[in-house]
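Coordinates for the following, if possible.
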Amino acid sequence: GVIVDATFGGGGHARALASAGGDHRIVGIDRDPEARANAGGLEVLDGDFGDFDELLDDAGIGAISGALFDLGISSHQVDEARRGFSYHAEGPLDMRMDIGSGTTAAEWLGNASEREIRDVLRTYGEERFAGRIAHAIVTARQEAPLMTTLQLARLVEKAVPRREKGKHPATRTFQAIRIRINHELEQLESVLGQVIDVLAQGGRLVIISFHSLEDRIVKRFLRKYSTPPKLPRGVPVMAQEEVTLLRLVGKSIVPSAKELASNPRARSSRLRVAERV
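Down below sits the predicted model:
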């Protein structure tokens, strides 16, 4: 059948699926033109995974036998300083996954109110010092606009009074702004319901999340569609007759020590699997 790598990125998962054998059509989805340009012959649809059903329909794809979501940003996006995702290297404050459209991080930070910035940092970054950082950003931009990644990273370093062990002070700020610029959580909420509609019986949904905001949405979705409805006492319906759309496959999986040794960026990842019933 068709297996969709809905977050193609660098293509690692899609290539692993293609090399695993079997009579499958592997289809990727990515809004990043650089990811599509480096697909190396693999089929990659151009668009946001939030438009999942529309993209598959345009490609003539009906039911699918599997869908994989590796959420967040790709390593190649972080490693390219000019994309603006890294707080370790100097680059333009961009953070767009689709570099051809939308508002850049610099543009948003230059126009958003202090309250809006604070709320984004608090909601999407779970940043405890969101108020301090937002005030520092608004104060700094009155002198000169924030245009580069290191400008923002250094400003956050000064604004944060205490550091988390082993974590750069700007980690949560960059995460929050990136999520806001790319509407990542809205895209995730939108796509999950679409996948159920096209996933064939026995098809697998695999989702890798990297922070609690993503994982909370995924857990809530999987619980909703794998939990039978509560029936009134005395209704003559056996447990096996209760209808659910998904069955959870095992518990969540975290990376092993061996994987972390070769891939430290996987340290916060959590993989969940469900099957269409």
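
Measure how buried residue 268 is and give me the count.
Counted with other Cβ atoms under 10 Å, residues neighbouring residue 268 total 13. Every residue, glycine included, has its C-beta placed from N, CA and C.

For it, pull up the helix or strand it's in.
Using DSSP states H and E, residue 268 sits within no helix or strand.

Next, the contact list for it, please.
The neighbours of residue 268, taking Cβ atoms under 8 Å, 6 or more residues apart in numbering as the test, are 210-211.

confidence score at it?
Reported pLDDT at residue 268 in the predicted model: 88.

ok, now residue 183?
The confidence metric pLDDT takes the value 92 at residue 183.

Let me see the contact set for residue 103.
If you count contacts by Cβ under 8 Å, 6+ apart, then residue 103 has 96, 181 around it.

Residue 128 belongs to a helix?
No. With DSSP: H, G, I helix; E, B strand; the rest coil as the criterion, residue 128 is coil rather than part of a helix.

Tally up the residues packed near it, please.
Around residue 128 sit 14 other residues, with neighbours defined as other Cβ under 10 Å.

distance of it from residue 158?
16 Å (Cβ to Cβ, to the nearest Å).

Kindly report the same for residue 20.
Taking Cβ to Cβ as the measure, residue 20 falls 49 Å from residue 158.

list the contacts for residue 108?
Contact analysis of residue 108 by Cβ under 8 Å, 6+ apart lists 177, 180-181.

what do you get for residue 120?
By Cβ under 8 Å, 6+ apart, the contact set of residue 120 is 112, 176-177, 180.

does it sit in a helix, a strand or a coil?
The three-state assignment at residue 120 reads helix, by three-state DSSP.

what's the answer for the one 4 residues further on, then?
Three-state secondary structure (criterion: three-state DSSP) places residue 124 in helix.

Please apply the same query to residue 271.
For residue 271, the assignment made with three-state DSSP gives strand.

Now for the closest residue to it other than its chain neighbours: which residues touch it?
With Cβ to Cβ, 6 or more residues apart in numbering as the measure, residue 253 is the residue that lies nearest to residue 271, at 4.4 Å, once sequence neighbours are left out. Under the criterion of Cβ under 8 Å, 6+ apart, the contact list for residue 253 reads 270-273.

What distance do you get for residue 253 to residue 57?
For residue 253 relative to residue 57 (Cβ to Cβ), the value is 32 Å.

What of residue 11?
From residue 11 across to residue 57, the span is 23 Å (Cβ to Cβ).

between the two, which one's more packed in?
Using other Cβ under 10 Å as the criterion, residue 11 and residue 57 rank with residue 11 on top: 23 against 12.

So which of the contacts of residue 108 is surrounded by the most neighbours?
Comparing the contacts of residue 108 by number of neighbours (other Cβ under 10 Å), residue 177 comes first, having 27 neighbours.

wait, that one sits on residue 104?
No. Shown here, residue 177 and residue 104 do not form a contact pair, counting by Cβ atoms under 8 Å, at 10.2 Å.

which residues are in contact with both of the two?
residue 95.

OK, contacts around residue 198?
With contact taken as Cβ under 8 Å, 6+ apart, residue 198 is in contact with 52-53, 56, 61-64.
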